[in-house]
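[1] quick one, structure for this:
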Amino acid sequence: MYFILLMASGAVPLLLSFDKRLQFYKQWKYVFPSILLVALVYIIFDVNFTNRGIWGFNPDYLSGIYLFSLPLEEILFFVVIPYASIFLHESIREYFPKLELQKSLNKGLLIVFILMNVLIAIFNADKSYTFYIAIKLAAVLIFALLLKSRITRSFFITFGVILIPFLIVNGILTGSYIDEEVVWYNNNENLGIRLFTIPIEDFAYAFSMILYNLLLIEQIKKFVSK
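    Below you'll find the model as predicted:
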């Protein structure tokens, strides 16, 4: 099920990458290096958290192939889901180029979310998943602020659209619509707050992972153009 879910998530964005207007395939030379670099960091932490029992995987829904203590599907997750999300973000920007927050509002949101995540990390240092993702989200928001990137002005909006497929895919992975969850969580290591079956930390996880990719793609483009 996990593998089929990933293939279904990636098939449409991959096919539409060759759309005459979008021509997203031309961005692959920037997109895939970014995805692989970000994936490497997230996979390292994923292996550590899996080995520590902070989360785990139901073998009934897996292919049975493992790499670095992780199911093959979990490793593919860090390629397929970011690709689909980046594609959706760029598609929205292509069709709605003026859809973005005002500069002052964007900066205000960055500062508020940075402070909020720092406080969450401080007061939940005993909860590994909550602490980890709060620090990682605060870091990427600080990164965006220091770079004075315009990306967050549109990403704060496009992420709302990305949440639609996210709720479906992650909902299934965490037990919605099926008998048992594909991915289980140790609730002693998170806030224990869920939207449907999805831990609230997963939303921050997705936001940070996609934003890291978008910022890195931006930096790669700048480096190549020099």
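
[2] which strand or helix spans E100?
    Using DSSP states H and E, E100 sits in no helix or strand.

[3] can you check the one 5 residues further on too?
    In this assignment (DSSP H and E), L105 forms part of helix 103-123.

[4] packing partners for that helix?
    Judged by 3 or more C-beta pairs under 8 Å, 6 or more residues apart in numbering; DSSP states H and E, helix 103-123 is in contact with helix 128-147, helix 151-173. All C-beta spots, glycine's among them, are computed from the backbone N, C-alpha and C.

[5] list the contacts of V47.
    F68, S69, L70 (C-beta atoms under 8 Å, 6 or more residues apart in numbering).

[6] just the buried ones from those residues?
    Buried members of these, counted by 16 or more other C-beta atoms under 10 Å: L70.

[7] and the gap between E181 and S149?
    36 Å (C-beta to C-beta, to the nearest Å).

[8] what does I178 give?
    For I178, the distance to S149 - C-beta to C-beta - is 38 Å.

[9] got it, and D202?
    In terms of C-beta to C-beta, D202 sits 24 Å off from S149.

[10] quick one: which of these two has more around it?
    D202 (21 against 18; other C-beta atoms under 10 Å).

[11] for the more buried one, list the residues it contacts.
    D202 touches N170, T174, counting by C-beta under 8 Å, 6+ apart.

[12] which SS class is it?
    Classification of D202 using DSSP: H, G, I helix; E, B strand; the rest coil returns helix.

[13] tell me the one of the contacts of V47 nearest L22?
    Nearest to L22 among these: L70, at 32.0 Å, using C-beta to C-beta.

[14] now that closest one: phi and psi?
    In terms of degrees, to the nearest 10, the main-chain angles of L70 are phi -110, psi 150.
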